[in-house]
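> how would this look folded up:
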Amino acid sequence: MIQEGKKAPALKLQNQDGKTVQLKDFTGKKIVLYFYPKDMTSGCTQEACDFRDSLPALQAINAVVLGVSPDTVALHKKFTEKYSLNFDLLSDPGKEILEKYGVWKEKSMYGRKYMGVERTTVVIDEAGKIIKIFAKVKVAGHVKEVNSVLAG
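Residues are numbered from 1 along each chain as shown. Here you go, the predicted model:
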């Protein structure tokens, strides 16, 4: 299980262009690593667009945004193009990283239980240490919360 103050688990996934991305590629930068359930759904689209719109402010404080879901590289590509997303979406169809970060969980909707991604954001400092974990994220206002942690 991940914890604030501990080193973030390594990850190596493909982005929407099929390029391999690793956390260590961003050493020296703050990382906003957000886990979300599914491309092209209302909450996930809103969250992605909120991060897209706040990216210039995040870049100004040396931060990058990475989104992770179990969707395919091809679906990430469509999602990125449709909404002009300006950051990488990482594909984890095997759910290896989702499980490593503890966000692949049993969920319940209308009494039906199923496995899915619990919307979570992990903020990582320049040295790869977790400085904040936002669990069970509510999309409205979330990006402002992340920005305030990073602006510190």
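> wait, K6 sits on G128?
No - K6 is beyond contact range of G128, at 9.8 Å (criterion: CB atoms under 8 Å). C-betas here are computed from N, CA, C, even on glycine.
> all helices of this structure, in order?
Under the criterion DSSP state H, helices of the chain are mapped to 42-60, 73-82, 96-100, 142-151.
> ok, which of the ones you listed comes nearest T20?
helix 73-82 (10.9 Å; CB to CB).
> got the angle for that closest one vs helix 42-60?
Computed by axes from the mean of the first three to the mean of the last three CA atoms, to 10 degrees, the angle separating helix 73-82 from helix 42-60 equals 70 degrees.
> hmm, who's touching helix 73-82?
Residues outside helix 73-82 that contact it (CB atoms under 8 Å, 6 or more residues apart in numbering): 14-18, 39-40, 45, 48, 69, 71, 85, 89-91.
> chain neighbours aside, what residue packs nearest to the residue nearest to the spatial centre of the chain?
What sits nearest the mean C-alpha location of the chain, by CA atoms, centre = their mean, is Y34, with 1.7 Å. Excluding its sequence neighbours, the residue lying closest to Y34 (CB to CB, 6 or more residues apart in numbering) is T121, at 4.3 Å.
> which pLDDT value goes with the residue of the chain positioned farthest from its centre?
Largest separation from the mean C-alpha position in the chain: G111, at 27.2 Å (CA atoms, centre = their mean). pLDDT for G111: 90.
> make residue 1 into 262 and carry on from there
Right, with 262 as the first residue, what we last looked at is G372.
> OK, contacts around it?
Here G372 is in contact with no residue (CB under 8 Å, 6+ apart).
> what separates it from S303, distance-wise?
According to CB to CB, to the nearest Å, G372 and S303 sit 22 Å apart.
> what's the answer for K397, then?
Counting by CB to CB - K397 and S303 are separated by 17 Å.
> can you pull the contacts of I392?
By CB under 8 Å, 6+ apart, the neighbours of I392 are 265-266, 384-386, 410.
> thinking again about what came up before, OK, contacts around the residue nearest to Y295?
With contact set as CB under 8 Å, 6+ apart, T382 has these partners: 293-296, 393-395, 398, 403, 407.
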